[in-house]
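no sequence on this one, just coordinates:
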């Protein structure tokens, strides 16, 4: 295997019982890139994400951060490098937004020591960057799904990671917030060399923001490369069974995908 | 009110209530002493009789009461957070019925060479931890231990031991029956200084370890996945906290019986007042548990002088439940439970 990425996945195998969910997946994720992982429901995207920070333990192969095997690293050491924006963000308890975002500093704190002034500065900054500073004292259990999502994203930022793993980050967000959150990620990737891994169903958004895309099909790596190279008409038909076309948006100059319809019942109304 | 001020007011009033409860409970006697007489006895200026009442008779009970209350309050807060379940109490995993069973066995079957005063706490302690181990083993599956399975196994094993205790109560001669019933409702007065020197270090060490994990518990309340993403080894921490809380509860319950309601209610009271942050809830529950148990102990003693002492479990429930219902009806929506 050629290593040298910030996150190297080597022949990863994961099974639930006798069902293989990830079948020999290998990939080098580069520092500072935004990588999109795409694939239909149940193809193993979320399982892959959970294997990347040792929430699940692979049955074969390994994952390495900066060249060290994560199985040999403590959860705390991993959390200093990788933060996560999980798919479900239901929180029933009346923690304030500041409490939640401040938890992002936990991997850097001793068990009895409180937040240092640095921790507090980083927490406040993360709330500013994600535009939720005005909600800092509100209780998270009284907020909408989108607001909660932004608090969790702020927590992931406050963790000052080298890598952020995002599972359906735009799912609960208003359209304009989707752009704002992904713009922020792009800025962090560019300015701070942050590596962002996004799992999503949102083809146009992923196409627009990701430097590289990895397609998973039937639990195997199907294709990886720039959106232009990977999201060919043929690939999208094979993997998603949709009729879609990659193109550059003439107005914004960004990558996008035009979705025409299912290949099951082809409909060219456009 | 400003939050810091609110916390300071709560800590100050709790400390005042605790000190008052300590002095009050030390004053208990067939003719209750005045607080001044208690103070004199404590500082070595009391009469001979008062000194015996305060330092000899009341002091072990009150001293241990402080730690039992703290132990139950903190473990209650910990198990509620670990299981993310508002109904969880320190007895969730069958600790109380296991201990009662052990105590009942020691009452029913006199073990040769070993006096009841020693056999009873010994068996209670052993069965307390034994039950926890049984419950934990039962709920182990291939993928580890699920909290829901743990709760179910706890309920099942608890019911079984309760049934045994009921059976023994039913067939026991009346004096032993009374002993069993009284034990299972709790009485701080059963404790001796010898017991204290064993139990208190266990309780203190346990409480310190549990409070050290309060930040981890906060993250675990959001869900296992959140906690893992924040760098917590959830399985390890959960197992550790279950073992520690069981040890602490066993060390308390073995000598004074299973005193109910404190572990359930006290943490909730502080959550309703200050929100879910365990860094506040756990230490305050220690303080509050101590104050509450001593106040209840005093009430149990003065309530029924002609019957001797009322079981303290009766009082903790009669005072705790209405207060809890009042708080719940006012602020239910704020907590999340």
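Good, I have the coordinates. Predicted, not measured: the structure shown is a model, and the values here were computed from it. Numbers count the residues shown, from 1 in each chain, chains lettered A, B, ... in the order given.

Every contact and neighbour count from this point should use C-alpha atoms.
Fine.

Can you get me a residue count around residue 252?
In the absence of a named chain, this looks at chain A. By the criterion of other CA atoms under 10 Å in any protein chain shown, residue A:252 has 8 neighbours.

The intended chain is chain B.
Neighbourhood size, residue B:252 [other CA under 10 Å]: 31.

ditto for the one 10 residues further on
Neighbours of residue B:262 under the rule other CA under 10 Å: 31.

now residue B:245
Using other CA under 10 Å, residue B:245 has 26 other residues around it.

That one: what's it in contact with?
Taking CA atoms under 8 Å, 6 or more residues apart in numbering or on different chains, we find residue B:245 in contact with B:75, B:78, B:79, B:90, B:206, B:210.

where does the chain have low pLDDT?
Looking at chain A here, since you left the chain open. Applying pLDDT under 70 to chain A flags residues A:1-4, A:265-270.

Actually, chain B is the one I wanted.
B:1, B:142-144, B:305-307, B:331-337.

returning to that earlier point: of the contacts of residue B:245, which is the nearest to chain A?
Of all the contacts of residue B:245, chain A sits closest to residue B:210, with 10.8 Å by CA to the nearest CA.

got a list of what that closest one touches?
Counting by CA under 8 Å, 6+ apart, residue B:210 has contacts B:74, B:75, B:78, B:241, B:244, B:245.

Doesn't it belong to a strand?
No: if the criterion is DSSP: H, G, I helix; E, B strand; the rest coil, then residue B:210 is helix and not within a strand.

I'd like the contacts of residue B:245 laid out as JSON lines, including distance to residue B:196 and secondary structure.
Formatted as JSON lines, the contacts of residue B:245 follow (distance: CA to CA, whole Å; DSSP: H, G, I helix; E, B strand; the rest coil):
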{"residue": "B:75", "distance to residue B:196": "19", "secondary structure": "helix"}
{"residue": "B:78", "distance to residue B:196": "23", "secondary structure": "helix"}
{"residue": "B:79", "distance to residue B:196": "24", "secondary structure": "helix"}
{"residue": "B:90", "distance to residue B:196": "20", "secondary structure": "coil"}
{"residue": "B:206", "distance to residue B:196": "15", "secondary structure": "helix"}
{"residue": "B:210", "distance to residue B:196": "20", "secondary structure": "helix"}
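
Most neighbours out of those residues, which is it?
Highest neighbour count within the contacts of residue B:245, by other CA under 10 Å: residue B:75, with 33 neighbours.

quick one, what contacts the closest residue to chain A within chain B?
Nearest residue of chain B to chain A: residue B:231, at 4.0 Å (CA to the nearest CA). The contact partners of residue B:231, by CA under 8 Å, 6+ apart, come to A:74, A:75, A:76, A:77, A:78, A:79, A:80, A:106, A:107.

For ChimeraX, what selects the buried ones among the residues you listed?
In ChimeraX syntax, the buried subset of those is picked out as below (16 or more other CA atoms under 10 Å in any protein chain shown):
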select /A:75,76,77,78,79,80,106,107
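
near chain B, which of the contacts of residue B:231 show up?
Filtering those for proximity to chain B by CA under 8 Å from any CA of the partner chain leaves A:74, A:75, A:76, A:77, A:78, A:79, A:80, A:106, A:107.

Just the ones in helices from the residues you listed, please.
Counted as lying in helices by DSSP state H, out of these, are A:75, A:76, A:77, A:78, A:79, A:80.

Turn the residues you listed into a markdown table, columns for distance to residue A:150.
Formatted as a markdown table, those follow (distance: CA to CA, whole Å):
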| residue | distance to residue A:150 |
| --- | --- |
| A:75 | 24 |
| A:76 | 23 |
| A:77 | 25 |
| A:78 | 23 |
| A:79 | 19 |
| A:80 | 20 |
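
Please state the backbone phi and psi of the closest residue to residue A:200 other than its chain neighbours?
Once flanking residues are discounted, residue A:200 sits nearest to residue A:168: 4.6 Å by CA to CA, 6 or more residues apart in numbering or on different chains. When read as degrees, to the nearest 10, the backbone of residue A:168 gives phi 50, psi 60.

circling back to that earlier point, can you put the ones next to chain B among the contacts of residue B:231 in a markdown table and add distance to residue A:10?
Listed next are these as a markdown table, based on distance: CA to CA, whole Å:
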| residue | distance to residue A:10 |
| --- | --- |
| A:74 | 20 |
| A:75 | 20 |
| A:76 | 22 |
| A:77 | 20 |
| A:78 | 18 |
| A:79 | 20 |
| A:80 | 22 |
| A:106 | 29 |
| A:107 | 26 |
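
tell me the two of those residues that are most distant?
Taking CA to CA as the measure, the ones next to chain B among the contacts of residue B:231 span a maximum distance of 13.9 Å, between A:74 and A:106.

roughly how far is the helix or strand that contains residue A:186 from the heart of the chain?
Using DSSP states H and E, residue A:186 maps to helix A:175-192. Relative to its chain's centre, helix A:175-192 lies at 12 Å (CA atoms, centre = their mean, to the nearest Å).

circling back to that earlier point, relative to residue A:195, which of the contacts of residue B:210 is nearest.
Nearest to residue A:195 among those is residue B:241, at 35.3 Å by CA to CA.

excluding its backbone neighbours, what's nearest the closest one?
Closest residue to residue B:241 apart from its sequence neighbours, by CA to CA, 6+ apart: residue B:210 at 6.8 Å.

so how far is residue A:110 from the one you found?
Look at residue B:210 and residue A:110: by CA to CA, to the nearest Å, they are 15 Å apart.

ok, which stretches of the stretch 51-200 of chain B are strands?
B:140-141, B:144-145 (DSSP state E, counting those that start in this stretch).

Most proximal residue of the stretch 51-200 of chain A with respect to chain B?
Counting by CA to the nearest CA, the stretch 51-200 of chain A gets nearest chain B through residue A:76, at 4.0 Å.

Now that residue. Nearest residue, chain neighbours left out?
Of all residues not flanking residue A:76 in the chain, residue B:231 sits nearest, at 4.0 Å (CA to CA, 6+ apart).

quick one: that neighbour is in a strand?
No: assessed with three-state DSSP, residue B:231 is coil; it does not lie in a strand.

tell me the most buried of the strands of the stretch 51-200 of chain B?
Sort the strands of the stretch 51-200 of chain B by mean neighbour count, taking mean count of other CA atoms under 10 Å in any protein chain shown, and strand B:144-145 sits at the top with a mean of 13.

Now for residue B:167, how many residues are close by?
Per other CA under 10 Å, the neighbour tally for residue B:167 reads 11.

try residue B:175
Residue B:175 - counted by other CA under 10 Å - has 8 other residues nearby.

now do the one 3 residues further on
Using other CA under 10 Å, residue B:178 has 13 neighbouring residues.

Kindly report the same for residue A:166.
Residue A:166: 22 neighbours (other CA under 10 Å).

so what's it bridging to?
On the basis of DSSP bridges, residue A:166 takes part in beta bridges with residue A:85, residue A:198.
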